[in-house]
Structures are given as C-alpha cells and as structure tokens.
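Asks: Predicted model and sequence follow; I will ask about them next.
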Amino acid sequence: RRWPLPHTGPKQLIPIANKPMSQYVLEYLTDAGINDICMILGDISPEKVKDYYGDGSEFNCNIQYIDQGAPLGIANAISLTSNFVGNDKFVVILGDNLIEGKIKTFMDKFEKYNYDAFIVLTKSMHPKDFGVAEFRNNKLVNLVEKPSTP
C-alpha cells in the first residue's frame, strides 16, 4: 500500500503533513494523559526511530524501546511489553495508524463500562488490505489479517 517507502526505512517515520505518522500516535497518547510509552521496533532501520524520538522529552513523554526484530505479529509485540506494562491497563496503537478524533473518548468509555478490552475499528473499501473483524451475535470472535475472501 505504501510501497516502496517501507522498504527504504521504518514505515512509522513516513511523513504525513510534514511529520512522521507515528508522531500523531504520540500526540494521541500524550493528549490523553499517557506519557510513559514503549515503542516496539521492527527490523527495518530501528535506529532511525530511536534517533528521531530519543527519550521522548521533546514530545512530552518518556519513551522506552524494545526490539522485536523480525515482524512476528501484534500479539508477539504486545507480549514483549510485559515488564513495561506489568499489571497496568494499557493502550496499543500501531505506529502507522491514524485515528480520527481523540483516543481519550475511547479511554473514557473503556473506563466507564469497565471493559476487559476495547478495539477501535473502521470500515474499508479494500478489506483484503487490512485486518478484518468477524462478529457473531454482536460479539467479536475473530480478527483475520488481510484475508483473501473477507
């Protein structure tokens, strides 16, 4: 979808409106009062991400980095944060995802209804290019990454 850009550097540093797309993610988090952030780094130029964000102080946050290396999926990336997260509630936002609106709205709903998890989804005209959520009886039962027949 963004080829060849992700093959020349980390896709989360691809600029949108003159700043890396992952900087929007930091802004979502810090605007919602989340200042302790753990970035999972892939195997394409992770040092560029570290060089750009540093310790996070320029972005009003504290950033720790964990190298995932080869892309082994979101579940693996989340599992790598167990020492960082501990038993706290946490937010996961992919560094190449843009969200319409503020995440504070979603966090408030999560807290109000004491959910175990909260997933933000959107419709797509091209579901083969993304993860697709499968629902039964208004309950999420499966997420399929880039299905051939969504």
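Replies: Right, received. Where do you want to start?

Asks: Contact partners for the residue sitting nearest the centre point of the chain?
Replies: Closest to where the C-alpha atoms of the chain average out (C-alpha atoms, centre = their mean) is residue 94, at 1.6 Å. Residue 94 sits next to 25, 74 when contact means C-beta atoms under 8 Å, 6 or more residues apart in numbering. The C-beta positions use only the backbone N, C-alpha and C, and glycine is treated the same way.

Asks: please begin residue numbering at 35 from this point
Replies: Will do, 35 is the new start, and the previous item becomes residue 128.

Asks: how far away is it from residue 147?
Replies: Going from residue 128 to residue 147 by C-beta to C-beta, to the nearest Å gives 24 Å.

Asks: just residue 78 next, same as before
Replies: Distance, residue 78 to residue 147, using C-beta to C-beta: 38 Å.

Asks: More neighbours: which of the two?
Replies: Neighbour totals were compared for residue 78 and residue 147, and residue 78 leads with 16 against 8 (other C-beta atoms under 10 Å).

Asks: how much space is there between that one and residue 164?
Replies: Using C-beta to C-beta, residue 78 is found at 20 Å from residue 164.

Asks: Could you do residue 76 as well?
Replies: 18 Å.

Asks: swap in residue 49?
Replies: Distance, residue 49 to residue 164, using C-beta to C-beta: 22 Å.

Asks: Tell me which of these two has more neighbours.
Replies: residue 164 (16 against 10).

Asks: For residue 136, which non-adjacent residue is closest in space?
Replies: For residue 136, ignoring the flanking residues on the chain, the nearest one in space by C-beta to C-beta, 6 or more residues apart in numbering is residue 65 at 6.0 Å.

Asks: What score does that neighbour have for pLDDT?
Replies: The confidence metric pLDDT takes the value 94 at residue 65.

Asks: quick one, what contacts it?
Replies: Neighbours of residue 65 in contact, by C-beta under 8 Å, 6+ apart: 136-138.

Asks: same question, residue 98
Replies: Neighbours of residue 98 in contact, by C-beta under 8 Å, 6+ apart: 70-73, 118.

Asks: Angles on the backbone of it, please.
Replies: Backbone torsions for residue 98, taken as degrees, to the nearest 10, come to phi -110, psi 150.

Asks: Show me what it bridges to in the sheet.
Replies: Taking DSSP bridges as the rule, residue 98 bridges to residue 72.

Asks: any idea how far residue 172 is from it?
Replies: 37 Å.
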